[in-house]
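J.: Sequence first, then the predicted structure, then my questions.
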Amino acid sequence: MLPRRVRERGELLCIVPQNVGEFWNVYTRPLEKNGLGHSASEAEAEVQHLENLFELRLDTAEIYQEWRRILIEYS
């Protein structure tokens, strides 16, 4: 797995809220609209996985949690 090899070299892998938002957008967009057609709950599970793989860089944790809440609520 690429992230593991990069970490073994001492590199830091990061994501930012925009990465998560763009992932969420494509992952939950219907297939007929050029998306992957997954549910919001499936997207949430994948985002949790991404958060475990990468360091999240953001302004504050509170802003990010509210931003994720909005994604879930309006998906």
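T.: Alright, I've got the coordinates.
J.: In contact with the most centrally placed residue in the chain, which residues?
T.: Nearest to the mean C-alpha position of the chain, by Cα atoms, centre = their mean, lies V20 at 3.2 Å. The contact partners of V20, by Cβ atoms under 8 Å, 6 or more residues apart in numbering, come to 47, 50, 68. The way it works is simple: take the backbone N, C-alpha and C, and place the C-beta from them, glycine included.
J.: among the residues you listed, which are in helices?
T.: Residues of the contacts of V20 located in helices (DSSP state H): 47, 50, 68.
J.: Look up how far G21 lies from V47.
T.: 10 Å (Cβ to Cβ, to the nearest Å).
J.: And those two? Which one has more around it.
T.: V47 (20 against 14; other Cβ atoms under 10 Å).
J.: Against L2, how distant is that one?
T.: For V47 relative to L2 (Cβ to Cβ), the value is 19 Å.
J.: got it, and G37?
T.: 25 Å.
J.: Turn the contacts of V20 into a markdown table, including pLDDT and distance to N25.
T.: Shown next, in a markdown table, are the contacts of V20 (pLDDT from 0 to 100; distance: Cβ to Cβ, whole Å):
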| residue | pLDDT | distance to N25 |
| --- | --- | --- |
| V47 | 96 | 12 |
| L50 | 93 | 14 |
| R68 | 88 | 14 |
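J.: What residue in the chain is the furthest from its centre?
T.: R9 (23.7 Å).
J.: Need phi/psi at that one.
T.: phi -80, psi 0 (degrees, to the nearest 10).
J.: Correct me if wrong, but Q65 is in a helix.
T.: Yes - under DSSP: H, G, I helix; E, B strand; the rest coil, Q65 falls within a helix.
J.: With distance to E32 added, can I get the contacts of V20 in a markdown table?
T.: Shown next, in a markdown table, are the contacts of V20 (distance: Cβ to Cβ, whole Å):
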| residue | distance to E32 |
| --- | --- |
| V47 | 23 |
| L50 | 26 |
| R68 | 26 |
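J.: between these, which is closest to I15?
T.: Here the nearest of the contacts of V20 to I15, counting by Cβ to Cβ, is L50; it sits at 6.2 Å.
J.: how distant is the lowest-mean-pLDDT helix or strand in the chain from the center of its chain?
T.: Least confident element among the helices and strands of the chain, by mean pLDDT, DSSP states H and E: helix 2-8 (a mean of 78). In terms of Cα atoms, centre = their mean, to the nearest Å, the centre of helix 2-8 is found 19 Å from the chain centre.
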